[in-house]
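In: Need the 3D shape of this:
(chains A and B)
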Amino acid sequence: MDASGLPVERSITPYLIGLGLAVVLTAISFGLAATGVLPRTTTIIVIAVAAAIQILVHLRFFLHINLSTTPRENLIALAFAALLICIMLGGSFWIMFDLYHRMMV
Amino acid sequence: MTAASATMTDIAPPSEGAEKYEEKAFGFWIYLMSDGVIFALLFATYVVMLGNTAGGPTGKELFSLERAAGETALLLLSSTTFGFAAVALAAADRSRVLLWLVVTVALGAGFIFLEFGEFSGMIAQGAGPDRSGFLSGFFTLVGTHGLHVSIGILWILVMIGQVLIKGLTRPVASRLARLGLFWHFLDIIWVVIFSVVYLPGVL
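Out: Below you'll find the predicted structure:
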């Protein structure tokens, strides 16, 4: 993401770094799910952490988001979207699973 | 920015329109953020519906880890090859832009082919979106992503046409930049899909 709205990345290196990191993180997640060497809860936590890191890797190396050259308004929009998503996911799960437990007892 | 602009085979004066592209890039960014919110709600729906299988098949019986890995690989590689196209564009190398766009389309089409096979196989065995709340949530979430990828493929094909006919003009370059944002964004959504849907589904 660049303020100019034009592709300005002149080197394929960031894309190769991003690809390498993404392959490692994806392989960890798929490997754990396929082999089941860790307990279920631990596996899900590791997969969630790997996904969060991979999102940051994609933002940094594919979308070229960084804290210095990315326009401030784009970062604010990204942060605001992240906040909205947290509120809506957290709120949905809180209400729906609370409802679920109340219906079950 | 100025160095890159100078390499664009541009007919307009250099100062003209620069702000216009910045505004378009920002507007498109806002669209992507709102699309992210839509996907977040589809994820929330899927997770809430996860247990509502209505006696029907569960993810463990339906999902194939091999197929999900294949889809993941195709989409990740296509994101990378689109990046190569963007680098070729910054270097104003028209034939390499076309080459990498064609490779990206081929990888994206491979993804859609695998996903289509998955969906039609599930529907054929009676596990369509009408079978249970869980499957409604699954088809809505993964289908919406697949629809986005299909539209992305159409958009890349249109841009291949524009590069062939118009060349690497500034409007074409700015459209390709926004298309790149869209394509990379879809790969991020896919990372969440395999981490939320397929991997926990087979555990």
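In: C-alpha only now, for contacts and for neighbours.
Out: Will do.
In: sec struct for A:Ala77, please.
Out: The three-state assignment at A:Ala77 reads helix, by DSSP: H, G, I helix; E, B strand; the rest coil.
In: now the helix or strand encompassing B:Arg175: how far from the chain's centre is it?
Out: Take DSSP states H and E as the rule and B:Arg175 turns out to sit in helix B:170-193. Distance of helix B:170-193 from the chain centroid (C-alpha atoms, centre = their mean, to the nearest Å) equals 7 Å.
In: packing partners for that helix?
Out: For helix B:170-193, the packing partners by 3 or more C-alpha pairs under 8 Å, 6 or more residues apart in numbering or on different chains; DSSP states H and E come out as helix A:40-61, helix B:18-49, helix B:65-90, helix B:133-166.
In: Which element, helix or strand, includes B:Glu118?
Out: In the assignment (DSSP H and E), B:Glu118 maps to helix B:94-124.
In: now that helix and helix B:133-166, what's the angle there?
Out: For helix B:94-124 against helix B:133-166, the angle by axes from the mean of the first three to the mean of the last three C-alpha atoms, to 10 degrees is 160 degrees.
In: now helix B:94-124: mean pLDDT?
Out: The average of the pLDDT scores along helix B:94-124 is 97.
In: which residues touch the helix or strand just after the helix holding B:Arg175?
Out: The helix or strand immediately downstream of helix B:170-193 is helix B:199-202, counting by DSSP H and E. Helix B:199-202 has contacts (C-alpha atoms under 8 Å, 6 or more residues apart in numbering or on different chains) with A:29-30, A:33, A:44, B:58-61, B:63-65.
In: and if you look at stretch B:104-121?
Out: B:67, B:70-71, B:74-75, B:77-79, B:81-82, B:128, B:146, B:149-150, B:153, B:156-157.
In: Using neighbour counts, trim the residues you listed to the buried set.
Out: Buried by 16 or more other C-alpha atoms under 10 Å in any protein chain shown: B:67, B:70-71, B:74-75, B:77-79, B:81-82, B:128, B:146, B:149-150, B:153, B:156, out of the contacts of stretch B:104-121.
In: Go back to these and keep what's next to chain A.
Out: Among the buried ones among the contacts of stretch B:104-121, the residues that sit close to chain A (C-alpha under 8 Å from any C-alpha of the partner chain) are B:77, B:79.
In: show me the contacts for the closest residue to B:Trp155 other than its chain neighbours.
Out: Nearest non-adjacent residue to B:Trp155, counting by C-alpha to C-alpha, 6 or more residues apart in numbering or on different chains: B:Leu179, 7.4 Å away. Contacts for B:Leu179 (C-alpha under 8 Å, 6+ apart) come out as B:152, B:155-156.
In: measure the most centrally placed residue in chain A to B:His145 for me?
Out: Central residue of chain A (C-alpha atoms, centre = their mean): A:Ile55, 3.0 Å from the mean position. Plainly put, A:Ile55 is 16 Å away from B:His145 if you go by C-alpha to C-alpha, to the nearest Å.
In: Ok, A:Ile12 next?
Out: Separation of A:Ile12 from B:His145 (C-alpha to C-alpha) stands at 27 Å.
In: pLDDT weak spots in chain A?
Out: A:1-3 (pLDDT under 70).
In: helices and strands of chain B: which one has the lowest mean pLDDT?
Out: helix B:2-7 (a mean of 46; mean pLDDT, DSSP states H and E).
In: before we move on, back to that, CA atoms of the helix holding B:Arg175 as PDB?
Out: The C-alpha trace of helix B:170-193 is given here as PDB (Å, rounded to 0.1, in the frame of the first residue of the first chain):
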ATOM      1  CA  ARG B 170      -0.800   5.600 -15.300                       C
ATOM      2  CA  PRO B 171      -4.500   4.800 -15.100                       C
ATOM      3  CA  VAL B 172      -3.800   1.200 -16.000                       C
ATOM      4  CA  ALA B 173      -0.900   1.100 -13.400                       C
ATOM      5  CA  SER B 174      -3.200   2.500 -10.700                       C
ATOM      6  CA  ARG B 175      -5.900   0.000 -11.500                       C
ATOM      7  CA  LEU B 176      -3.300  -2.800 -11.300                       C
ATOM      8  CA  ALA B 177      -2.200  -1.500  -7.900                       C
ATOM      9  CA  ARG B 178      -5.700  -1.700  -6.500                       C
ATOM     10  CA  LEU B 179      -6.200  -5.100  -8.100                       C
ATOM     11  CA  GLY B 180      -3.100  -6.200  -6.200                       C
ATOM     12  CA  LEU B 181      -4.500  -4.900  -2.900                       C
ATOM     13  CA  PHE B 182      -7.700  -6.900  -3.600                       C
ATOM     14  CA  TRP B 183      -5.800 -10.100  -4.500                       C
ATOM     15  CA  HIS B 184      -3.400 -10.000  -1.500                       C
ATOM     16  CA  PHE B 185      -6.400  -9.200   0.700                       C
ATOM     17  CA  LEU B 186      -8.200 -12.400  -0.500                       C
ATOM     18  CA  ASP B 187      -5.100 -14.500   0.500                       C
ATOM     19  CA  ILE B 188      -5.300 -13.000   4.000                       C
ATOM     20  CA  ILE B 189      -9.000 -14.000   4.200                       C
ATOM     21  CA  TRP B 190      -8.000 -17.500   3.100                       C
ATOM     22  CA  VAL B 191      -5.400 -17.800   5.900                       C
ATOM     23  CA  VAL B 192      -8.200 -17.200   8.400                       C
ATOM     24  CA  ILE B 193     -10.400 -19.700   6.500                       C
END
